[in-house]
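A.B. asks: Got a predicted structure here, sequence first:
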Amino acid sequence: MNTEHQIKRIGIFGSTGSIGTQTLEVIAAHPDLFSSEVLTARENDELLIKQALKFNPNIVVIGDEKKYQKVKEALAGTDVKVFAGEQAMEDVASMDVYDLMLAAIVGYAGLKPTLIAIENGKAIALANKETLVVAGEIMMQKAVENRAPIIPVDSEHSAIFQCLVGETRNKVDNIILTASGGPFLGRKPNYLVNIKREHALQHPNWSMGAKITVDSATLMNKGLEMIEARWLFNLKPEQIKVLIHPQSIIHSMVEFEDGSVKAQLGLPDMKLPIQYALSFPRRLSNDYPRLDLKKIGTLTFEDPDIKTFRNLALAIEALNKGGNLPCVLNAANEIAVFAFLRNRLGFLDMTDVIEKTMQHVPFIASPTLDDYSASDGEARNFAADLIRL
């Protein structure tokens with residue numbers, strides 16, 4: 001394992017997305033501590049080439065094989081090795097060229113490479129929540145078997161993780177995930193029925209990718225986070241609560257058995273949890289803006305409106321029932337969001353598609369990885385047929 005003075009080699013799987021680009025900013029600010037050894041992108045070849053020219057990684061992978069030649073030619077004058085395709089993504093995940101995987105591939109696509117990294121005992125900075133939503137039980141089991149530490153990057157899970165440091169022997173009663181409420185907090189269905197893509201992408205506090213921003217607007221993001229938290233922190237479904245906190249200053253809280261509550265506060269900036277995951281257990285100084293509570297003045301909290309934002313209710317149902325239901329929920333949601341972002345589906349119709357898909361795909365109480373794969377495929381096909389994609 002690295003000593004403190006060695007440079008930690010980071011493999012960024014999903015380097016061209018919102019989390020990937022911010023991770024590179026963190027690495028650039030601490031060149032004495034981190035190097036980016038692996039950069040991967042699904043299809044954004046232009047940004048991948050720019051990143052590779054700037055950071056000079058050992059390996060880049062472009063998921064879309066049609067773009068291989070372009071990337072290869074652009075990096076011909078460098079020492080960077082270029083690979084393409086899904087299989088290459090998985091092969092590179094198993095290589096001994098990096099110490100920590102920043103798992104930032106969006107959606108179900110991130111599952112395989114992350115699982116392979118865990119099987120190879122790599123440390124994981126986990127920004128892909130769908131991996132644990134779909135196959136949390138298997139993932140955490142494998143992490144224990146292979147002694148692969150999983151450090152959450154999601155701001156809420158990072159907050160809980162930070163609150164639990166030093167509390168190993170103390171019993172947790174509940175965790176409270178905070179949610180901003182998204183851009184439509186307090187709105188009712190008669191307003192939401194007309195919502196279009198550009199409205200949903202205007203998040204009040206956070207700058208994120210399109211998929212997670214829509215999930216935040218529908219509260220599905222919070223539902224996925226509840227399922228993720230169950231596995232990450234080994235909790236029972238009833239121990240996981242959600243509170244709407246529009247200021248996004250308290251990132252989450254932990255309530256212990258003595259009634260004491262610990263919270264982690266900070267400005268809404270993803271670079272903070274990213275940096276913490278890369279440098280854990282150390283904290284690194286930086287020049288990010290500091291939290292000034294006097295300026296903020298008031299922090300408010302309320303219950304989520306799950307009658308209006310029914311995606312959260314569906315996610316809670318999947319959390320409670322378990323089995324392959326979270327996998328089906330996630331697959332249907334990915335298709336619904338894809339269709340909404342292309343103006344093929346209304347804002348409230350996303351929920352109907354997810355609900356019908358959850359009712360349609362047969363329930364499996366103790367799924368294998370193959371079962372997850374089959375359920376994911378079946379849910380996607382059924383949801384796409386409903387939308388006539």
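C.D. replies: Perfect, thanks for sending it. Residues are numbered from 1 along each chain as shown.

A.B. asks: Give me the buried positions along the helix ranked longest in the chain.
C.D. replies: Secondary structure of the chain per DSSP state H: the longest helix is helix 369-387. Judged by neighbour count using 16 or more other Cβ atoms under 10 Å, the buried positions of helix 369-387 are 371-376, 378-380, 382-384, 386-387. For every residue, glycine as well, the C-beta is placed using N, CA and C.

A.B. asks: quick one: which of those is nearest to residue 115?
C.D. replies: Sorting those by distance to residue 115 puts residue 372 at the head of the list, at 10.6 Å, by Cβ to Cβ.

A.B. asks: quick revisit: right, and the pair among the buried residues of helix 369-387 with maximum separation?
C.D. replies: 371 and 387 (24.5 Å).

A.B. asks: returning to what we had before: for residue 234, state which of the buried residues of helix 369-387 is nearest.
C.D. replies: Of all these, residue 372 has the smallest distance to residue 234: 20.0 Å, by Cβ to Cβ.

A.B. asks: show me the contacts for the closest one.
C.D. replies: Residue 372 makes contact with 111, 134, 135, 138, 324, 327 under the criterion Cβ atoms under 8 Å, 6 or more residues apart in numbering.

A.B. asks: now do 10 Å
C.D. replies: For residue 372, the contact set (Cβ atoms under 10 Å, 6 or more residues apart in numbering) comprises 108, 111, 134, 135, 138, 324, 326, 327, 328, 330, 331, 364.

A.B. asks: One more: residue 312?
C.D. replies: Going by Cβ under 10 Å, 6+ apart, residue 312 touches 179, 218-224, 226, 242, 304-306, 351.

A.B. asks: Can you tell me, leaving aside adjacent residues, what's nearest to it?
C.D. replies: Distance criterion Cβ to Cβ, 6 or more residues apart in numbering; nearest residue to residue 312, sequence neighbours excluded, is residue 219 at 4.1 Å.

A.B. asks: residues in contact with the nearest residue to residue 204 once chain neighbours are set aside?
C.D. replies: Nearest non-adjacent residue to residue 204, counting by Cβ to Cβ, 6+ apart: residue 183, 5.9 Å away. Residues near residue 183 by Cβ under 10 Å, 6+ apart: 195, 199, 200, 201, 202, 203, 204, 205, 213, 216, 217.

A.B. asks: before we move on, back to that, can you add distance to residue 152 and pLDDT and give the buried residues of helix 369-387 back as a markdown table?
C.D. replies: What follows is these, written out as a markdown table (distance: Cβ to Cβ, whole Å; pLDDT from 0 to 100):
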| residue | distance to residue 152 | pLDDT |
| --- | --- | --- |
| 371 | 26 | 97 |
| 372 | 21 | 95 |
| 373 | 24 | 94 |
| 374 | 28 | 97 |
| 375 | 25 | 97 |
| 376 | 23 | 96 |
| 378 | 29 | 98 |
| 379 | 25 | 98 |
| 380 | 26 | 97 |
| 382 | 31 | 98 |
| 383 | 28 | 98 |
| 384 | 31 | 97 |
| 386 | 33 | 97 |
| 387 | 32 | 96 |
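
A.B. asks: can you give me the strands for the stretch 51-200 of the chain?
C.D. replies: Ranges of strands within the stretch 51-200 of the chain are 59-62, 81-84, 100-103, 123-126, 150-152, 172-179, based on DSSP state E, counting those that start in this stretch.

A.B. asks: how about the ones you listed in a markdown table, adding mean pLDDT?
C.D. replies: Formatted as a markdown table, the strands of the stretch 51-200 of the chain follow (pLDDT from 0 to 100):
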| stretch | mean pLDDT |
| --- | --- |
| strand 59-62 | 98 |
| strand 81-84 | 98 |
| strand 100-103 | 98 |
| strand 123-126 | 98 |
| strand 150-152 | 97 |
| strand 172-179 | 98 |
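
A.B. asks: Same list (these) but as CSV, adding mean neighbour count and distance to residue 347.
C.D. replies: Formatted as CSV, the strands of the stretch 51-200 of the chain follow (neighbours: other Cβ atoms under 10 Å; distance: least, Cβ to Cβ, whole Å):
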stretch, mean neighbour count, distance to residue 347
strand 59-62, 26, 33
strand 81-84, 19, 36
strand 100-103, 26, 29
strand 123-126, 25, 29
strand 150-152, 23, 29
strand 172-179, 21, 17
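
A.B. asks: With that, I have no additional questions.
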